[in-house]
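Undergrad: fold the following.
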Amino acid sequence: MPSPFNYLFSGHLTQAREQKNYSQEYVAAAVGISPREYQRYEKGLSQPRAETFLRLISFLDMDIQELP
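TA: Residues are numbered from 1 along each chain as shown. All right, here's what the predicted structure looks like:
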């Protein structure tokens, strides 16, 4: 069962991507993961490993202070 963190992070992730007008496929390719894996993060079905998490927040210029 997905954790509350997954749902909260997924909302921030989706918002950050949409603000930059990036597609899910573009973000996935930029951080070195499959589009399907990225979609699972946005749906809150899984959470990224630490290194992927850091690549995502860096690429999308997300403020770590605003994350859950």
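
Undergrad: what sits against the residue most central in space within the chain?
TA: A centroid search over the chain (CA atoms, centre = their mean) returns L13, at 4.2 Å, as the residue closest to the centre. Contact partners of L13, counting by CB atoms under 8 Å, 6 or more residues apart in numbering, are Y41, E42, L56, L60, M62. Quick note: C-beta positions are derived from backbone N, CA and C, even for glycine.

Undergrad: and the two most separated of those?
TA: Largest separation among the contacts of L13 by CB to CB: E42 and M62, giving 13.2 Å.

Undergrad: ok, back up a step: the residue nearest to the centre of the chain: which element?
TA: For L13, the host element (DSSP states H and E) is helix 4-19.

Undergrad: what mean pLDDT does that helix have?
TA: Here helix 4-19 scores 82 as its mean pLDDT.

Undergrad: cool, stretch 54-68 as well?
TA: Throughout stretch 54-68, pLDDT has a mean value of 83.

Undergrad: that stretch: which residues count as buried?
TA: R55, L56, I57, F59, L60, M62 (16 or more other CB atoms under 10 Å).

Undergrad: can you tell me which of those residues end up in strands?
TA: Counting by DSSP state E, no part of those is found in strands.

Undergrad: just give me the closest of the residues you listed to N21.
TA: L60 (11.7 Å).

Undergrad: I'd say the closest one and A28 touch.
TA: No - shown here, L60 and A28 do not form a contact pair, counting by CB atoms under 8 Å, at 11.9 Å.

Undergrad: please consider this matter closed, and thank you.
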